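# need a 3D model of the following:
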Amino acid sequence: MTAAYERHIVLVAPEIHWNTGNIGRSCLGVGAFLHLIRPLGFSLRNSRLKRAGLDYWKQVKLTIWDDFASFEASMKPASSEVAVFSKTGRNCLWDIPKTVSRLFLIFGAETQGLPLHVKARFHSNQSFHIPILADIRSLNLSTAVGIALYESLRDAPDFHCWHRHP
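Below is the predicted model of the structure:
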């Protein structure tokens, strides 16, 4: 990814190790940063976490935060740089900002979603949902992150023609 398009995936209180491992692998695939906000529902030493991330896990640009306030105070995301994802998000995924140079895609825990204090922190124009049929409650977290991450890069220069492994 070019330096002009910096992407950050923020997982607030993730619960399932293999989702986080898969998300770390996706982040590494596009040069995105991964932020985990405590509490975590697993140990970072869990072999299944590392298995899901394959041998790439140690290369992930990972930061662990004690709480959301610490993350926000240190990273200082501008409101235009935040996209909060929830099944009740006001805006459709297709409308996430794609041309901002730095973007934070924020997701909640697999079973609980985003904590109310995080949802309340952001305006409704910063909340997004991924369209799905009513037949299911939600998508798997790692699937949702992958969809949102790649959609956020749709307009990145030359993203569509990055080299693939033979």
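# please identify the helix or strand for the residue nearest the centre of the chain.
Nearest to the mean C-alpha position of the chain, by CA atoms, centre = their mean, lies Ile9 at 3.0 Å. Using DSSP states H and E, Ile9 sits in strand 6-12.
# got any ranges where the protein has weak pLDDT?
1-3, 46, 48-54, 158-166 (pLDDT under 70).
# circling back to that earlier point, measure the residue nearest to the centre of the chain to Leu105 for me?
Using CB to CB, to the nearest Å, Ile9 is found at 5 Å from Leu105. C-beta here means a position set from N, CA and C on the backbone, and glycine is covered the same way.
# same thing with Leu93?
Counting by CB to CB, the gap from Leu93 to Leu105 is 10 Å.
# Leu114 against Ala120, yeah?
No. Counting by CB atoms under 8 Å, Leu114 stays clear of Ala120, with 9.6 Å between them.
# quick one: which of the two has more around it?
A direct count of neighbours by other CB atoms under 10 Å for Leu114 and Ala120 places Leu114 higher, at 23 against 9.
# okay, now Ser86: neighbour count?
Ser86: 18 surrounding residues under other CB under 10 Å.
# who touches it in this structure?
Taking CB atoms under 8 Å, 6 or more residues apart in numbering as the contact definition, Ser86 lies against 108, 113-114, 119, 127-129.
# number of residues surrounding the closest residue to Pro131 other than its chain neighbours?
In space, and not counting its chain neighbours, Pro131 is closest to Cys92: 6.0 Å by CB to CB, 6 or more residues apart in numbering. Neighbour count of Cys92, defined by other CB under 10 Å: 11.
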